[in-house]
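J.: mind folding the following:
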Amino acid sequence: MQIEERTVGDVVVLDLKGKITLGEGDELLKDKVNSLVNQGKKKVVLNLAGVPYIDSAGLGEVVRTYTTVSRQGGSLKLLHLTKRITDLLSITKLLTVFETYDSENEAVRSFSTSAKV
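T.: Down below sits the predicted model:
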């Protein structure tokens, strides 16, 4: 998996490309998000448009990144979920945990209207 970091205002958008599976991207994602939080960057959007597949380990890492950011007073939101990922989040009831967006502009704007951040 590859991660490209972009900044839109004070929001960090991480463009993920490739599978998020055990041994293939899960550690990379954890390290990247930990680095952002350590830099004080707590508004994060994960763009999943380039992620064709995620397994249980990858899903677990997405949940851990959400928890890591939330515990530091930040917020992590998901962007451009594929049908497969949407179905997986729905089956696991995690779709109710994450804020998800189809538009990057909406995802970024949501941070300014969120009382949490």
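J.: list the buried residues in stretch 74-83.
T.: G74, S75, L76, K77, L78, L79, H80, L81 (16 or more other C-beta atoms under 10 Å). C-beta here means a position set from N, CA and C on the backbone, and glycine is covered the same way.
J.: off-centre distance for it?
T.: Centroid separation for stretch 74-83 versus its chain: 5 Å, with C-alpha atoms, centre = their mean, to the nearest Å.
J.: do the same with stretch 85-100
T.: Taking mean C-alpha positions (C-alpha atoms, centre = their mean), stretch 85-100 and its chain are 12 Å apart.
J.: do the same with stretch 54-65
T.: So, by C-alpha atoms, centre = their mean, the centroid of stretch 54-65 is 10 Å from its chain's centroid.
J.: out of the buried residues of stretch 74-83, the closest to G40 would be?
T.: Nearest to G40 among these: G74, at 9.2 Å, using C-beta to C-beta.
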